[in-house]
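Undergrad: One predicted model, sequence on top.
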Number of protein chains: 2
Amino acid sequence: MSATISPLAPKSYPELPEVKGVRMATAAAGLKYEGRTDVLLAVFDEPAQIVGVFTKSKCTSAPVDWCKQNLSKGVARAIMVNSGNANAFTGKKGLASVQLSADILSKATGFAADELYLASTGVIGEPLPAEKFADVADSLVTDAIADKWMDAAKAIMTTDTYPKLSTRSVKLGEATVTLNGIAKGAGMIAPDMATMLGFLFTDAPIKAPALQSLLSECVGGSFNSITVDSDTSTSDTVLLAATGSASDEWIEDAADPRLVEFREALSSMMLELAQMIVRDGEGATKFVEVKVEGAESDASAKRIAMAIANSPLMKTAFAGEDANWGRVVMAVGKAGEPADRDRLAIWFGDIRVAVDGERDPDYSEDEASAVMKEDEIVLKVDLGIGNGSATVWTCDLTKEYVAINGDYRS
Amino acid sequence: MSATISPLAPKSYPELPEVKGVRMATAAAGLKYEGRTDVLLAVFDEPAQIVGVFTKSKCTSAPVDWCKQNLSKGVARAIMVNSGNANAFTGKKGLASVQLSADILSKATGFAADELYLASTGVIGEPLPAEKFADVADSLVTDAIADKWMDAAKAIMTTDTYPKLSTRSVKLGEATVTLNGIAKGAGMIAPDMATMLGFLFTDAPIKAPALQSLLSECVGGSFNSITVDSDTSTSDTVLLAATGSASDEWIEDAADPRLVEFREALSSMMLELAQMIVRDGEGATKFVEVKVEGAESDASAKRIAMAIANSPLMKTAFAGEDANWGRVVMAVGKAGEPADRDRLAIWFGDIRVAVDGERDPDYSEDEASAVMKEDEIVLKVDLGIGNGSATVWTCDLTKEYVAINGDYRS
């Protein structure tokens, strides 16, 4: 946790309602720092349907491997998350720590290990002292209550400067269902692999296969459309659990028409959480939306948008409030996707700065500069060659980012 | 040009000998700044064989398109280079500027336009005032002399903090031939697309097709193995010209055994120039060699090495002198190439910090930190799954980089 809160932090936090069937507790196990809350337990009164999406890293953390393995069963009785130690790149010790964590939790809850989910975030390469969970496991189980969302969001923070919470309430058939989510992350990856984690809970009665479809569908436009520094974590994890306590009519098919509203709510909640992570990007002073239109395909548009969003020269231009559209051309060019220099048009906010492959004849440096002074900037590129489009979100690259990441571990 | 010279600059510059058949002159045409040398002309007494390699950007500059077109003929009578304006993303005006530049040069030299080569580096999106070349073209032609290498290297600088020159002398058959090279660049790309340019000259008698093979072969391990900020320019250009004045026995085949020494010399000269660019990387305080071994293939090794070399978290760790090998694991993981977390070994200098997927049992933080305090650092990764290897070079990411690129244009 940082002493300074990001200038892009939300002005207020939502009050999250109860999700029936989910209770939570937090504790300070002293995994890295003494006296700091660093463990979150979420327990389900009845077995919940659970699904997940994970990092595409080839060097995944031990807890990621553990969750993936358990997901074949698709049922959860509890989720335990710790901050302070990522249990990543810890070799055989990592596997042993995960097993020990599950054993401790299994003993405290009475549930089978393959219905327990684990996530860890923090320093990498340090063996996780899982035995410390034994000191807090029993009280976590005893203390778990329904109204614990803000504490839960805080317990999973690392270099985050504020907690990230979101909620939705929608009709699903006859029932009204709740969707709550918490997330952490100060970048796609924060220093030392303090990672992007998201935990979503609903009382909607949706079976795991349909739930997985919904999650996988929504992750592309939300958590997979943000970048702080282009560095992908070993530990990225998003879990979505459904208790089904809102209704007895379980939905098995993702194409069920009753899911229309739920799908929209899930998508918008995930996007809100994802954007909160960008707004907490390390050292960030600008929140930037990059829209690419007129590309050969949506996939091509997204690769170009990400090339722009990840370009250090673009990100430093945002930091310097410089409407440097030449760097946009560079980033489009380096993406390697189909593009025609002479059909390119570029906007900062509503100001078109370039058209037909050259500076807009009506370009005004003053107008463009005024846009760049805002906290939130929309950059739009029209490639003019097709109908593909994509939108991604990023932040600027500041000296503060270098300071945070040059000094973190030592 | 910067007032402060990079701390990684060479301690001295080589004296470049004459390359018979090449003469040079420089001038101040006032393209961007008044009174600063900004044009270089190299003229060939006899038609030279010429070959080139260019940026892979999809949004190439007008001079890059011009050179590519003329290369089908493969003969050069002159090369004109300007700094201060890249003539990139200038639409139809860009094409017109290139044509006007060639016309002016053609008139002054008496040579055909399709034997004239042009390169531009500097601000992007600004129309190039090519008519200004008319004021200096005649005197450039008149003044051109053989011993002008240092001035030539200085005339093409933009944000470079020092000129970049290199020379080699080798046996080629019975003859002794000279290879001279100059380059500019303070990154793969410097602010506002001030680009990587290299101009190589030899008196060796090598015909264009063989020369192109040699250049293409050598560029992979040199100019295409460096990165400052992962941002690929619209204007990257390397031209290699051979006057053949050292001997009458022209070589037509790149596989000719007489080329063994020449090939080595060309390769090492290009690598030296490429490394000089990294050492002049914007804000750089560390020169970093990234060696990847044990990969599935050389191509895979290079992609992993580049993922490490481009990672903002790795580069800030170097800036912070932090032996943060967790970030190496992250970068290997994000490269998307075959890797096995539990076979990975990592060295900083001679210090093995990780082995078999976890921290080295003999790891000493003090020893690793001592390595990180050096100006030049070798990072080695052994993936342990194959025989593929690659080496690339990069620099650290400092607050100074952000300052240079956040403030450049305004």
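TA: Ah, there it is. Residues are numbered from 1 along each chain as shown, chains lettered A, B, ... in the order given.
Undergrad: how close does A:D342 sit to B:G91?
TA: Distance of A:D342 to B:G91, computed by Cβ to Cβ, to the nearest Å: 6 Å. Any C-beta I mention is one placed from the backbone N, CA and C, and that applies to glycine too.
Undergrad: Then A:I124?
TA: 48 Å.
Undergrad: quick one: low-confidence ranges for chain A?
TA: Chain A contains residues with pLDDT under 70 at A:1-3, A:187-195, A:408-410.
Undergrad: And the helices in chain A?
TA: A:62-70, A:91-109, A:137-143, A:149-155, A:208-219, A:260-279, A:298-310, A:312-319, A:325-334, A:365-372, A:399-407 (DSSP state H).
Undergrad: now the angle from the last one to helix A:312-319?
TA: In this case it means helix A:399-407. For helix A:399-407 against helix A:312-319, the angle by axes from the mean of the first three to the mean of the last three Cα atoms, to 10 degrees is 130 degrees.
Undergrad: Over to the fifth one?
TA: Orientation of helix A:208-219 against helix A:312-319 (the same axes, to 10 degrees) gives an angle of 70 degrees.
Undergrad: Please name every helix or strand in contact with helix A:208-219.
TA: Applying 3 or more Cβ pairs under 8 Å, 6 or more residues apart in numbering or on different chains; DSSP states H and E, one finds that helix A:208-219 contacts strand A:39-54, strand A:237-242, helix A:260-279.
Undergrad: contact partners of stretch A:269-276?
TA: Residues from elsewhere that reach stretch A:269-276 (Cβ atoms under 8 Å, 6 or more residues apart in numbering or on different chains): A:10, A:164, A:166-168, A:179, A:181-183, A:198, A:200, A:218-219, A:221-223, A:225-226, A:238, A:287, A:393.
Undergrad: roughly how far out does stretch A:127-139 sit from the chain middle?
TA: Relative to its chain's centre, stretch A:127-139 lies at 26 Å (Cα atoms, centre = their mean, to the nearest Å).
Undergrad: C-alpha coordinates for it, CSV please?
TA: Taking C-alpha atoms only, stretch A:127-139 is exported to CSV below (Å, rounded to 0.1, in the frame of the first residue of the first chain):
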residue,chain,number,x,y,z
PRO,A,127,9.1,-19.5,-0.5
LEU,A,128,5.6,-18.9,0.9
PRO,A,129,5.6,-19.6,4.7
ALA,A,130,2.2,-21.4,4.4
GLU,A,131,2.5,-22.7,8.0
LYS,A,132,1.5,-19.2,9.1
PHE,A,133,-2.0,-19.8,7.8
ALA,A,134,-2.5,-22.3,10.6
ASP,A,135,-2.4,-19.4,13.1
VAL,A,136,-5.3,-17.7,11.5
ALA,A,137,-7.4,-20.3,9.7
ASP,A,138,-9.8,-21.3,12.5
SER,A,139,-10.6,-17.7,13.4
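Undergrad: got the buried residues for it?
TA: By neighbour count on 16 or more other Cβ atoms under 10 Å in any protein chain shown, the buried set for stretch A:127-139 is A:128, A:130, A:132-134, A:136-137.
Undergrad: Now tabulate the helices and strands packed on helix A:208-219 in a markdown table and tack on distance to A:A307.
TA: As requested, the helices and strands packed on helix A:208-219 are exported to a markdown table (distance: least, Cβ to Cβ, whole Å):
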| stretch | distance to A:A307 |
| --- | --- |
| strand A:39-54 | 23 |
| strand A:237-242 | 24 |
| helix A:260-279 | 17 |
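Undergrad: can you list those in a markdown table and add mean neighbour count?
TA: Formatted as a markdown table, the helices and strands packed on helix A:208-219 follow (neighbours: other Cβ atoms under 10 Å in any protein chain shown):
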| stretch | mean neighbour count |
| --- | --- |
| strand A:39-54 | 23 |
| strand A:237-242 | 26 |
| helix A:260-279 | 21 |
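Undergrad: Now do A:E282: how many residues are near it, please.
TA: 30 (other Cβ atoms under 10 Å in any protein chain shown).
Undergrad: In this structure it contacts A:G185, no?
TA: No - if you go by Cβ atoms under 8 Å, A:E282 and A:G185 don't touch, sitting 10.1 Å apart.
Undergrad: Tell me which of A:D342 and B:G91 has more neighbours.
TA: B:G91 (19 against 15).
Undergrad: ok, now which ones touch the more buried one?
TA: With Cβ under 8 Å, 6+ apart, B:G91 has these contacts: A:342, A:356-358.
Undergrad: Identify, from those, the entry nearest to A:K334.
TA: Top of the list for closeness to A:K334, among the contacts of B:G91 and by Cβ to Cβ, is A:G357 at 16.6 Å.
Undergrad: Identify the residues contacting that closest one.
TA: Contact analysis of A:G357 by Cβ under 8 Å, 6+ apart lists A:340-344, B:89-91.
Undergrad: again, but for A:L40
TA: A:24-26, A:79-82, A:152, A:155-156.
Undergrad: and the two most separated of the residues you listed?
TA: A:M24 and A:N82 (14.0 Å).
Undergrad: okay, those two: which has more neighbours?
TA: A direct count of neighbours by other Cβ under 10 Å for A:M24 and A:N82 places A:N82 higher, at 28 against 24.
Undergrad: what bridges to the more buried one?
TA: A:N82 has these beta-bridge partners by DSSP bridges: A:V39, A:S120.
Undergrad: Over to A:A175?
TA: Beta-bridge partners for A:A175, by DSSP bridges, are A:L172.
Undergrad: separation between it and A:V51?
TA: Distance of A:A175 to A:V51, given as Cβ to Cβ: 20 Å.
Undergrad: Kindly report the same for A:S311.
TA: With distances taken as Cβ to Cβ, A:S311 is found 34 Å from A:V51.
Undergrad: coming back round to it: which of the contacts of A:G357 tops the neighbour count?
TA: Most neighbours among the contacts of A:G357, by other Cβ under 10 Å: B:F89, with 30 neighbours.
Undergrad: Domain boundaries for chain A, per the record?
TA: Split into domains by automatic domain parsing, chain A comes to A:22-277, A:287-407.
Undergrad: Could you export those domains as TSV, including distance to B:L95?
TA: Output for these, formatted as TSV (distance: least, Cβ to Cβ, whole Å):
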stretch	distance to B:L95
domain A:22-277	34
domain A:287-407	10
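Undergrad: between the ones you listed, which gets nearest to B:A403?
TA: With respect to B:A403, and counting by Cβ to Cβ, the nearest of the domains of chain A is domain A:287-407 at 6.8 Å.
Undergrad: just how off-centre is the closest one within its chain?
TA: From the chain centre to the centre of domain A:287-407 is a distance of 22 Å (Cα atoms, centre = their mean).
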